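Asks: any chance you can model this:
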Amino acid sequence: MAADTLYLTVGATRGLAEIGRAVEKADRKEPIEVRLSENATFVDENEIVVMVFSRQQALACRRTVPAGTLKLRELGLWMESAERAIHELSSASSTDAPQLTANEVALLDEAGLTEGIRTRPGAFERSRIDFDLLLQRESWTLERAAKALGVSPARLRQRLSPSKRTLYGIKDGRAWRIPKFQFVGGKQVRGLGKVLPHVRPDAHPLSVRAWFMAPHQDLVVGNDERPVPPIEWLSSGRPVEAVAALAEEI
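Replies: Below is the predicted model of the structure:
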């Protein structure tokens, strides 16, 4: 990948090192908020600069986003997308990202997210799109999920607790989003509550959804030993323990 090279001054390097030390002291699973002084602003209100650092090198890019001052939630989406894109690029072959489907374009246009998005987005943009659609279109609010399950929102919050998680949710700012893939016929998939404690708390939401929805080579049914997704395996009443043992690989 062609890129211009920028050599940082000693002062700039020290500033980045200070950020690195602050991140190291904080919870590594959560981003930390960084405030810039007013005279240090170097992007417009509808722009962001994304930087990814390894030990002695980094890549940076400038991106235009939908008009309006960005909120922390939007910045969080970009952070999640960077994490997912790095994972995909390090584990997958170097191929072009798939084109956006007509349905995806329509949904993004409705949400005001198509500005600056190419028809064939790169891995970083593809990840951001997928994650945003997961939150906004493929998940319920906590209240909607509670109504479907016939319990109170307070009860669902207990089930989302990392110490005894029996329901999968994604924190969106202060609110919870509950992905729909774990429900069939308005009810939670049988046995899923016994599988979720085996999923790493820091597993990326897109990886979690993909794992549960994609055929798994170790979950086979029928005389032809057809691989089925974990969600289908559980829904059909097959042994929960088989899925729980595999969930640690996410």
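Asks: any idea how far Asp132 is from Glu24?
Replies: Distance of Glu24 to Asp132, given as Cβ to Cβ, to the nearest Å: 29 Å. Bear in mind the C-beta positions are built from the backbone N, C-alpha and C, glycine included.
Asks: check Val240 too.
Replies: Applying Cβ to Cβ to Val240 and Asp132 gives a distance of 32 Å.
Asks: nearest spatial neighbour of the residue nearest in space to the middle of the chain, skipping sequence neighbours?
Replies: Taking Cα atoms, centre = their mean, the centroid of the chain lies closest to Pro205, which sits 4.3 Å from it. Once flanking residues are discounted, Pro205 sits nearest to Ile170: 5.0 Å by Cβ to Cβ, 6 or more residues apart in numbering.
Asks: run through the bridge partners of the one you found.
Replies: In this entry, Ile170 is beta-bridged to Arg177, by DSSP bridges.
Asks: what sits against it?
Replies: Neighbouring residues of Ile170 by Cβ atoms under 8 Å, 6 or more residues apart in numbering: 134-135, 139, 176-179, 205.
Asks: quick one: the strands in this structure?
Replies: 47-53, 58-64, 139-141, 170-172, 175-179, 183-184, 187-188, 216-221, 226-228 (DSSP state E).
Asks: got TSV for those, with distance to Ser152 and mean pLDDT too?
Replies: Converted to TSV, these look like this (distance: least, Cβ to Cβ, whole Å; pLDDT from 0 to 100):
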stretch	distance to Ser152	mean pLDDT
strand 47-53	38	80
strand 58-64	41	76
strand 139-141	14	94
strand 170-172	19	87
strand 175-179	14	93
strand 183-184	17	90
strand 187-188	15	90
strand 216-221	34	93
strand 226-228	34	93
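Asks: of all the ones you listed, which lies closest to Arg209?
Replies: strand 175-179 (6.0 Å; Cβ to Cβ).
Asks: next, the buried residues of the closest one.
Replies: Residues of strand 175-179 classed as buried: 176-179 (neighbour count, 16 or more other Cβ atoms under 10 Å).
Asks: still on that earlier bit, export the strands of the chain to a markdown table and tack on distance to Leu149?
Replies: Below are those laid out as a markdown table (distance: least, Cβ to Cβ, whole Å):
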| stretch | distance to Leu149 |
| --- | --- |
| strand 47-53 | 37 |
| strand 58-64 | 39 |
| strand 139-141 | 10 |
| strand 170-172 | 17 |
| strand 175-179 | 10 |
| strand 183-184 | 9 |
| strand 187-188 | 7 |
| strand 216-221 | 26 |
| strand 226-228 | 25 |
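Asks: hmm, back to that, neighbour count for Glu24 and Asp132, which is higher?
Replies: Neighbour totals were compared for Glu24 and Asp132, and Asp132 leads with 18 against 8 (other Cβ atoms under 10 Å).
Asks: so in this structure, where's the weakest helix or strand by average pLDDT?
Replies: Across the helices and strands of the chain, mean pLDDT, DSSP states H and E gives its lowest value to helix 102-110, namely a mean of 64.
Asks: since that was my last question, I'll sign off now.
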